[in-house]
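>>> Sequence and predicted structure below; questions after.
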Amino acid sequence: MAFVVGLPLGVAVPLGAIGATNGGIAGWTGMYSIDVRGVVAFVLDSTWATPMTAAALFGHGVAATQSDRGYQRPLSERQNRHVYARGFRPRKGFLITLGNVVSGAGDTSSSRRQRLITDHENVHVWQARWFGPLYPLLYGGWMLAGGIAGAVLWAIRPSRAPLPKMIESCAYHLNPFEWWAYSRDDHWPPKGKVPGLGWKRPLVRPFRPGGS
């Protein structure tokens, strides 16, 4: 499928290689669920979302160099995602999702940590599938514009919050993709956001209201 998608674009071979590698890894780990949802995930990962699947392979590559990568099979097998306790972690203590790979899960023995993956990071996995190549452009574009807006707001009213917190709130917390994920996780507004700034209500209903 990835090869066929790449034909009119002149990138059939590289896209085909990405699709084949993802399919091989997913088949070996049993990542895709055996139902309609799994079929949709596989088709999107192999067509529209192939660029994000390439990012997922980068996540796998980083994890492959770590002896303590900690592949989380219970949270991955037939769950339409891969989860690593370690893997690619540009910011310590934070999880990051690249395509269908979630890295930095840490200790998943707690129910809260598990829910962070199933109700928050899994939203990002599907955002990457639905928005495909537009996802990094939209997400990154908001972060850039939001960072600039945060700096301007701080300059206008520096007493409201420190500059780094104002920039992070505008660039990250108010990012619609994060607003969506935090809302599904029933954690809107998140603790790190500047109080009273931006969206007041959740974007969507949480998967499990009142859960811990």
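Noted; the coordinates are in hand.
>>> Okay, now the unreliable bits of this protein?
211-212 (pLDDT under 70).
>>> which helix of it spans the most residues?
Longest helix in the chain by number of residues, with DSSP state H as the criterion: helix 134-156.
>>> counting contacts, what elements does that helix pack onto?
helix 50-64, helix 122-131, helix 163-168, helix 176-184 (3 or more CB pairs under 8 Å, 6 or more residues apart in numbering; DSSP states H and E). In short, each C-beta sits where N, CA and C put it, glycine included.
>>> That one: which residues count as buried?
135, 139, 142-143, 146-147, 149-150, 153-154 (16 or more other CB atoms under 10 Å).
>>> Any chance of JSON lines for the helices and strands packed on helix 134-156, columns distance to W28 and mean neighbour count?
Listed next are the helices and strands packed on helix 134-156 as JSON lines, based on distance: least, CB to CB, whole Å; neighbours: other CB atoms under 10 Å:
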{"stretch": "helix 50-64", "distance to W28": "11", "mean neighbour count": "19"}
{"stretch": "helix 122-131", "distance to W28": "19", "mean neighbour count": "21"}
{"stretch": "helix 163-168", "distance to W28": "38", "mean neighbour count": "17"}
{"stretch": "helix 176-184", "distance to W28": "28", "mean neighbour count": "21"}
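>>> I appreciate the help and will end here.
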